[in-house]
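Peer 1: this is a predicted model, with the sequence first.
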2 protein chains.
Amino acid sequence: MKISIAQFGLGPIGLETLRLAATKPWARIIGAIDIDPAKAGRDVGEVVGSTDGPWGVRVYADAATILGQEPDVVMHTTSSYLANVMDQLLLCIEAGSSVVSTCEELAYPFRKHPELSRKLDEAARKEGVAVAGVGVNPGFVMDKLLLTLSAVSQRVDSARAVRIVDASKRRLPLQKKIGAGMTVEEFRAQVEAGVIKHHGLPESIAMVADGLGIALDDISETIEPKIATSKVTTQFLTVEAGQVAGVHQIARGTRSGEEKIYMELQMYVGAPESSDTLSLSGVPDISLTVPGGTHGDVATASVAVNSIPAILDAPTGLRTARDLPLHFLAPNAQP
Amino acid sequence: MKISIAQFGLGPIGLETLRLAATKPWARIIGAIDIDPAKAGRDVGEVVGSTDGPWGVRVYADAATILGQEPDVVMHTTSSYLANVMDQLLLCIEAGSSVVSTCEELAYPFRKHPELSRKLDEAARKEGVAVAGVGVNPGFVMDKLLLTLSAVSQRVDSARAVRIVDASKRRLPLQKKIGAGMTVEEFRAQVEAGVIKHHGLPESIAMVADGLGIALDDISETIEPKIATSKVTTQFLTVEAGQVAGVHQIARGTRSGEEKIYMELQMYVGAPESSDTLSLSGVPDISLTVPGGTHGDVATASVAVNSIPAILDAPTGLRTARDLPLHFLAPNAQP
């Protein structure tokens, strides 16, 4: 019995999750939802650029047609903001579908959006489905992997995660999104306008704090420009020395002013090397490094698709990567 | 409501799991089982060297007295061989207790001991309890952590795990167990006699193979001496150049002669630096390093105690680290 899957949102991440899901023998793609008139009405295989030709299922501008077929799971990839996607998520839930979403604020929404969290949890329980925000960051590298490492801890006093991403080889929208090539003034204006921001550090901090049993009374975040010290040329653009090369975000979880959890993201063109470094202070002190780092887009699609059996197997309600078992799912495995 | 815990076996690992469990506010230690006449009859706190004075519970030479009190969980740390501990495990199960055991062969016993696995699984289901072999290696570093990393994989073709342990700072029994200070002939005789061997590489390979959906038709293992190239002096002993410094074990999982999973353990005195390195080849290629490595004894106790809520929450039967969620358990967390 194959798992029927609908895709909600056909941006770069949605295309990637859909392409990957289609390679799994246990998956049956029943269609996609996207309001872009350039996509709606077309064959899904054609939109994702499949070399296998058309898939015989369509992209719809409205959600009702596909959700009326009651997909087992919806892969949801439309926005970073939970408030913006509540209606979409509730539509899926009310159709009786479980949801894995790359909405960053959904990865661990309890602190920033307690009311929306409660509403989603109640709706999902009522309909007998499970919903989770999943992805690589938030959802894996800085939180799930750190919590997994903590299995070897007798005591944990504080935690750190530092992720450095060389954006030079990433897609143009991402290079623009991090402000590469802007002046510092332009960058600050875009931060002010809410345009430049990686979402998810406070969510990762909240998940780690709850997982490790570290009580926090504040989570704060800063977004600064990373300035190019020499000229950087990528496939898509050139950044002069003194211009902005990308973002440098730091989030801190504190109790009584004392820093307990520190998370830092440097995402810029010209970074010498990508890497993810996690560390726990306590008994023992232990750290872990992913040299080269985890590629955001590839890994996000992986985690989303690999989460499908876990979400179908999970207790109903609002779940998170904290409690979902996350592993690679072999192509021939029947979830 | 505290979790009642009995300790089965008071060797170095058992003492460490017991000391750690006693620091958890949710744990109530009800006693320990050990056949050593130097321990039986004494107060458990005294035997573990507690600075808090006596704990008011005893060590018994026989299992019946403690198991008669129906502990929620037994922490079992007596032997590496599943066949040797079957009777002990079945006693615990029949008493209605769930079990976390550091028996290496129990970490993933299905391939080497299919009959014993079936017997344990049936007994545990019948009694409504869960049983798992847990620890750092096997059970975490080379298998669970590798499977967790695979969450970011779109495809996995092969896997490697290399663990290098500088045994210089480890306890004397461990330095002796790996043959430090022996001649090559003595080492080989001890390997032949089954005395020198780290248990668990084939178990880790089997867990990873099943988790990643990699079919294997053979798992093989070699045990070679690591020869000291210069004189090494530890707190306990001296190894001359040309003598054995420790073990070098390699295990391979193959299909049609092609190597799919490779695991290597170097555990010797004088290793330049301890480290654990895991890697997955596929899409993407990704690796992870724990600089300094995970300390075997400290981490094994951590994993065993941190597994207690997971084993109580798990479906009944024989479970493994593959499906148990493993995280640090905060002292103030109510599992």
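Peer 2: That came through, no problem. Numbers count the residues shown, from 1 in each chain, chains lettered A, B, ... in the order given.

Peer 1: touching the helix or strand where A:P225 lies from outside, list them.
Peer 2: A:P225 belongs to strand A:218-227 when assigned by DSSP states H and E. With contacts defined as Cβ atoms under 8 Å, 6 or more residues apart in numbering or on different chains, strand A:218-227 is touched by A:111, A:179, A:182, A:184, A:187-188, A:191, A:196-197, A:201-202, A:205-206, A:242-255, A:266-268. The way it works is simple: take the backbone N, C-alpha and C, and place the C-beta from them, glycine included.

Peer 1: which stretches of the stretch 51-200 of chain A form helices?
Peer 2: Using DSSP state H, counting those that start in this stretch, the helices of the stretch 51-200 of chain A run over A:64-67, A:82-94, A:114-127, A:144-149, A:172-177, A:184-192.

Peer 1: get me the contact residues on the stretch 101-250 of chain A for chain B.
Peer 2: A:136, A:140, A:144-145, A:147-156, A:211-214 (Cβ under 8 Å from any Cβ of the partner chain).

Peer 1: do that again at 6 Å, thanks
Peer 2: Contact residues, the stretch 101-250 of chain A versus chain B (Cβ under 6 Å from any Cβ of the partner chain): A:L147, A:T148, A:S150, A:A151, A:V152, A:S153, A:Q154, A:V156, A:G211, A:L212, A:G213.

Peer 1: quick one: buried ones out of those residues?
Peer 2: Among these, those buried by neighbour count (16 or more other Cβ atoms under 10 Å in any protein chain shown) are A:L147, A:T148, A:S150, A:A151, A:V152, A:S153, A:Q154, A:V156, A:G211, A:L212.

Peer 1: enumerate every residue touching the second one.
Peer 2: The reference is to A:T148. Counting by Cβ atoms under 6 Å, 6 or more residues apart in numbering or on different chains, A:T148 touches B:T148.

Peer 1: if we go to 8 Å?
Peer 2: Neighbour list for A:T148: B:K144, B:L145, B:T148, B:L326, B:H327 [criterion: Cβ under 8 Å, 6+ apart].

Peer 1: please apply the same query to the last one.
Peer 2: Contacts for A:L212 (Cβ under 8 Å, 6+ apart) come out as A:L147, A:S150, A:V156, A:A159, B:H327, B:F328, B:A330.

Peer 1: report the contact partners of A:V131.
Peer 2: When contacts are counted by Cβ under 8 Å, 6+ apart, A:V131 is found next to A:89, A:92-93, A:98-99, A:101, A:106, A:120, A:124, A:311, A:317-319.

Peer 1: how about a cut-off of 10 Å?
Peer 2: A:74, A:76, A:89-90, A:92-93, A:97-101, A:106, A:120-121, A:123-124, A:311, A:314, A:316-320 (Cβ atoms under 10 Å, 6 or more residues apart in numbering or on different chains).

Peer 1: out of everything not next to it in sequence, what's closest to whatever residue of the stretch 101-250 of chain A ends up closest to chain B?
Peer 2: Nearest residue of the stretch 101-250 of chain A to chain B: A:G213, at 2.0 Å (Cβ to the nearest Cβ). Distance criterion Cβ to Cβ, 6 or more residues apart in numbering or on different chains; nearest residue to A:G213, sequence neighbours excluded, is B:A330 at 2.0 Å.

Peer 1: can you get me a residue count around that neighbour?
Peer 2: 23 (other Cβ atoms under 10 Å in any protein chain shown).

Peer 1: show the pLDDT at A:G257.
Peer 2: pLDDT, A:G257: 95.

Peer 1: should've said A:L172
Peer 2: Reading off the model, A:L172 has pLDDT 87.

Peer 1: isn't it up against A:F236?
Peer 2: Yes: the pair formed by A:L172 and A:F236 meets the contact definition of Cβ atoms under 10 Å, at 4.3 Å.
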